[in-house]
Structures are given as C-alpha cells and as structure tokens.
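Chemist: sequence below, structure please.
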Amino acid sequence: PRVGFSWDPFGKGKTVVHGYGGIFYMPLQPSPNTLADNMPANASITDTFFNLAIFGGTLASISYPTVPTLLASNQNVIIFPSSPKDPYSTNWLFGIQQQLAPGTLLTVNYTGNKVQHTQAGVAFQGINLNPQSPNSNVQRPLAATSPYQNENYLPGILFSKYNAMQAQVRTNLKHLTLETNYTWSHEIDDEVNVFAGFEDPMDPKHDIGSGDWDVRHNFTASALYNLPELEGRSRLTQVALGGWQTSSIVQTRTGLGQNVEVTNGFFGNYMRPNVVPGAQVKVANASWPNSSYNIDAFALEPGFNGVYGDPSTIGTVGRNSLRGPAYFQWDLSGMKNFALTSTLKMQFRADIFNILNHPNFANIDTGICSSVSYPNATSAVCTPNTPNPEKHTGFGVASATIAGADTNQIGNGTARQAQFSLRFLF
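Modeler: Below is the predicted model of the structure:
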C-alpha cells in the first residue's frame, strides 16, 4: 500500500508541500535448492584447499561416481525458520518545494526508510548456531549434541533504518542548468556484509550500529551549458565554436564507517576490542593514506580468549565507530554534433575524470593485531598491527585507492584520465 499528497497552500503555484508513505513487501529467500543441500546425497566436502595447499593435510582419493563416505561431522546444514515472516520496507517522505526566482527551485525533504525481518544468511552474514571459534583449542558450542559442523540459521531478524535531510537547488537559465544536492543522513543496521562476520555469530545484536554504507554528508553539484549556435556568424565560426555542450559534476562525501576488529581481512577475526579510557583516538596531524588513528586507543579485554560468546570477546568499541577517507572528484566533459549530411551526424566528445588528480583512498586496515595465537583454551597472544606508512601496512593505513581496491579502469576513484571519442549518428 502507498499514499501520497501534494498541496499548494497559497494557490500561487510557487509553494508545494508534499509527502508520501508506503509499505513494500519482499519475497522470502532462499530457493528450495538451498535446503536440498542438507540431504547427504547433495552434501559436499569442503575440507580440501586449505588442508592440502596451506596446512599440508591429506585427502582420500576421489573418483566419480564413487566418493568417500561423507561424515556428518564434515557437513554444514541450513536451518530455515518454521514460521518465517516476509521482509518488508516502510518508506516515507515529507518536504516542501519553493520557487525562489523564475527558473530557480528549492526543495527540502525529510525522508526515512525502515526494513524489518531481513533474512540473515541470504544477502547478509548469517547466524551460525555451531561456529568454530578463532581459538581452535575450544570445541564448537554444540559439539556434544550436534553431529554437524556449521548450523547456519536463516531467520528474518535483521533490520535497517535510514533517516535523511535532503536539500536541492536547481536553476534553469537560457543556456545554463545548475543543480546542487546535499544529504545529511544516518543509516543504522545489524546487516553485516556477507564477506565479513558478526562479533558473535550466534547473536547479531552486538552488531547494531552505523551500517557499512552509512554516509553522513554527501554533496554533488553539476552544471550543463549549451553554447549558442552563433547564427549569423561565418560558417567556419559556427562549425568550430557554435553548438558545443559542456558539463561538469563535483562529487564529495564523508568517509564510510570503519569497523575496529581484532584482525582485519577476508579471514579476519571480527571480534572488537575495548576503547582505552582517556586515549586519543585520532593522531595529531592525521592524513591519508597514513594512519589517522591511534592503535594504542584500543586493546583486547583482559582475559580475551577468542571464544565466541565469551564476555571477554565482546568489546566496548561500537561497530563502524571510525570513519575512513573522504571522497572528492571533479569531472568535466564537452560534446558537439557535426552534421555531415541531412541524415548523418558525427559526434565528438571529450571527458576528463578527476580533473584535479585528487587521490581517493579506499577503506583502511582496522585490525589492531596482525595475528593472534592461542596457547590454550583460555588465553590469546596479540601481535600488534603497528602502522608502517613506508610499506602501506598496519592499523589505520589505507593501502590502495578506491580504483585500486575495486580494480576500476575508468571513472570514479581513478587518477586523472582523459577520454576522447567519435560517434556517427544516423
């Protein structure tokens, strides 16, 4: 269901109050094929690459269609809730539009969105009722009663909420269009990235905090200018200078949330440490890509043992409590169509991305330990992840630009690039 309204309170066509609200339901996932993987006939052995290539383990010879007997202790299972609820989103907006001058319009909106019953383990990290803790000296929680390894539960218990103030000024003149947009927002959730992990895989409530895509301040400005055709001028002047279209856009935003962890990376330990009372979190003269944060402002809980659910592994640092590098890019382009015949045109276009060659750095290393060893079931030894700007490693260091981290070849986050193109339109 959706409802909306638009009201001209003065009846002059220069002021409009508007708003809307709606509830949008989303289909449940996963497909039935995922549950079918619980059948022994469909199960697979995953204990291969790391045993053979890294840890020097052995694996029995496998030949199709005969395979080794699959032990339940090697099998992961999927648990679907018996009474699932459909995920749904509630979206609303209230705002005002005001004509400031002929051709100039101001829009200010408050908008919000809340998503409930998001399924864990589908698009986001899942609940694991029987995880193996980083401290391998400790058995899985259900080792005494469960014949399986990971018991992945897919309940609809995750959520997200977003609130924002949006402001826009748009001006249309004879040959010029200008537009500026500013958003001040905050997004909160417990929807941890599928490539990361919960602080406690059995209980996601510890990860309620600023989301991975929470951007507090976002500003864009664009300009589009159509040069006149220069009618009445010489043919050469019209062809060379008339009819060009130029455009420019500036994008800037504050940094994304950065989650302080025990160790960082794809196979990191996503437990969070404590904040050291009285310690300064930011370093003096902070600058990217060098570390802008003080590693000594964070420490493991005394008695930290690396066991999921243990009080020593639930730190006082909130999820995504730090901010990564900000983003700024200015692009410029120009375009002109040349009429070759009555039906054939040639279009020339030039684009310059990141005209100021401003570096935009990717997310930082947020692990306070480069590695952690566990001598026994009740203790841990952290090797500090000391920043090393010369090697671009260590806590708080941005080791790549956005383009380098995402392997972008052109566009956002790259170094300055110029692109020229010709198109024939017919």
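Chemist: put the alpha carbons of the longest helix that the chain contains into PDB.
Modeler: If each helix of the chain is counted by residues according to DSSP state H, the longest one is helix 235-241. In PDB, the C-alpha atoms belonging to helix 235-241 read as follows (Å, rounded to 0.1, in the frame of the first residue of the first chain):
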ATOM      1  CA  ARG A 235      30.200  29.100 -41.500                       C
ATOM      2  CA  LEU A 236      33.600  28.400 -40.100                       C
ATOM      3  CA  THR A 237      32.800  30.100 -36.800                       C
ATOM      4  CA  GLN A 238      29.500  28.200 -36.400                       C
ATOM      5  CA  VAL A 239      31.200  24.900 -37.100                       C
ATOM      6  CA  ALA A 240      34.200  25.500 -34.800                       C
ATOM      7  CA  LEU A 241      32.600  27.300 -31.900                       C
END
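Chemist: in this structure, where is pLDDT below threshold?
Modeler: 30-34, 40-74, 407-411 (pLDDT under 70).
Chemist: how about residue 24: what's its closest non-neighbour residue?
Modeler: Distance criterion CB to CB, 6 or more residues apart in numbering; nearest residue to residue 24, sequence neighbours excluded, is residue 89 at 4.7 Å. C-betas here are computed from N, CA, C, even on glycine.
Chemist: hang on, isn't the one you found packed against residue 112?
Modeler: No. Using CB atoms under 8 Å, residue 89 is not in contact with residue 112; the gap is 10.7 Å.
Chemist: in the sheet, who's paired with residue 112?
Modeler: Judged by DSSP bridges, the bridge partners of residue 112 are residue 92, residue 163.
Chemist: check contacts around it.
Modeler: 91, 92, 93, 161, 162, 163, 164 (CB atoms under 8 Å, 6 or more residues apart in numbering).
Chemist: what's the neighbour count on the first one?
Modeler: Spelled out, that is residue 91. For residue 91, the count of nearby residues is 16 (other CB atoms under 10 Å).
Chemist: make sure it is actually in contact with residue 22.
Modeler: Yes. Using CB under 8 Å, residue 91 is in contact with residue 22, at 5.4 Å.
Chemist: what touches both of the two?
Modeler: With CB under 8 Å, 6+ apart, residue 91 and residue 22 have no common neighbours.
Chemist: what about the strands in the stretch 201-350 of the chain?
Modeler: 209-210, 217-226, 245-253, 257-258, 274-275, 298-299, 322-323, 327-339, 345-353 (DSSP state E, counting those that start in this stretch).
Chemist: what do you get for the stretch 51-200 of the chain?
Modeler: Going by DSSP E, counting those that start in this stretch, the stretch 51-200 of the chain shows strands at 77-79, 88-101, 104-119, 127-128, 151-153, 156-172, 176-189.
Chemist: figure out which of those strands is closest to residue 259.
Modeler: Closest to residue 259 of these is strand 176-189 (CB to CB; 12.7 Å).
Chemist: next, the angle from the closest one to strand 245-253.
Modeler: With axes from the mean of the first three to the mean of the last three CA atoms, to 10 degrees applied, the angle from strand 176-189 to strand 245-253 works out at 20 degrees.
Chemist: centroid-nearest residue for the protein?
Modeler: In the chain, the residue lying closest to the centroid (CA atoms, centre = their mean) is residue 213, at 4.3 Å.
Chemist: do I have it right that that residue meets residue 253?
Modeler: No. Taking CB under 8 Å as the definition, residue 213 is not a contact partner of residue 253, at 10.9 Å.
Chemist: any idea how far residue 231 is from residue 17?
Modeler: 43 Å (CB to CB, to the nearest Å).
Chemist: also residue 138?
Modeler: Where residue 17 is concerned, residue 138 sits at a distance of 60 Å (CB to CB).
Chemist: distance of residue 220 from residue 166?
Modeler: Computed as CB to CB, the residue 220 to residue 166 distance reads 11 Å.
Chemist: overlap in contacts of the two?
Modeler: In contact with both residue 220 and residue 166: residue 181, using CB under 8 Å, 6+ apart.
Chemist: related to what we said a few turns ago, of residue 138 and residue 17, who's got more company?
Modeler: residue 138 (19 against 14).
Chemist: if I look at the more buried one, how far off is residue 105?
Modeler: Applying CB to CB, the value for residue 138 to residue 105 is 62 Å.
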